[in-house]
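Engineer: Let's see this in three dimensions:
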Amino acid sequence: ADAGSRMRNYRNFSKTSKSPRRPFEKERIDSELKLVGQYGLRCKRELWRVQFTLAKIRKAARQLLTLPEKDPKRIFEGNAILRRCTRLGLIDEKRQKLDYVLGLKVEDFLERRLQTLVQKRSLARSVHQARVFVRGRHIRVGKQMVTAPSFMVRVESENHIDFAVTSPYGGGKPGRAARRTAKRGAPAAEEANDDEDN
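Structural biologist: Here you go, the predicted model:
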């Protein structure tokens, strides 16, 4: 065998979600389905990914709370977690304690998704339309076009969510369907004008 076929893939990657330990628990299935519908998620894995992220943050906070208050590790890493949560709008400036990190819920994360905020800012009529807009390259955050509905919006970027410059909704050229309709309408208008002249 040649050298190319012997090469191994050494890329590091870790799991981004964790499936439930008990797959057929009725209460959990019902609550998950409600959240999936409420926030317009594509599948349960999107919800499990958020749960996994929340579990990791809470685990880190729980471990830090076991250390003494003056411990340099607790001070340094605790401030980092609080700073990250504050920047994402998960906790506000008044609640700067690790205890509040333990009180975070999945809904707090889902409220900060780009898809949810597009709908809340009335750029879309529903969360489902918001998802279509994001995937269809119609939405920008600041100057950057974002195509991931799960994009976590920072507090300082929240007021800069708008339609992309290239989007028909944001003053760009008309879309494919609109151009086709306009093209069809043009010859009809010309014929009507000719009839009036005659």
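Engineer: need the next SSE after the least confident helix or strand in the chain by mean pLDDT, C-terminal direction.
Structural biologist: Of all helical and strand segments in the chain, the minimum by mean pLDDT, DSSP states H and E falls on helix 3-6, at a mean of 59. Scanning forward in sequence from helix 3-6 by DSSP states H and E, the next helix or strand is helix 26-38.
Engineer: quick one: that following helix to chain centroid distance?
Structural biologist: Taking CA atoms, centre = their mean, to the nearest Å, one finds helix 26-38 lying 19 Å from the centre of the chain it belongs to.
Engineer: Report all helices and strands that it contacts.
Structural biologist: When contacts are defined as 3 or more CB pairs under 8 Å, 6 or more residues apart in numbering; DSSP states H and E, helix 26-38 sits against helix 44-65, helix 106-110. Where you see a C-beta, it was placed from the backbone N, CA and C, and this is true even at glycine.
Engineer: What distance do you get for the spatially most central residue of the chain to Ser122?
Structural biologist: Centrality entry for the chain: nearest residue to the mean C-alpha point is Ser150, 2.0 Å, by CA atoms, centre = their mean. For Ser150, the distance to Ser122 equals 21 Å [CB to CB, to the nearest Å].
Engineer: Please apply the same query to Arg62.
Structural biologist: Applying CB to CB to Arg62 and Ser122 gives a distance of 39 Å.
Engineer: Neighbour count: these two, which is higher?
Structural biologist: Legend: neighbour count by other CB atoms under 10 Å for Arg62 and Ser122, higher for Arg62 (12 against 7).
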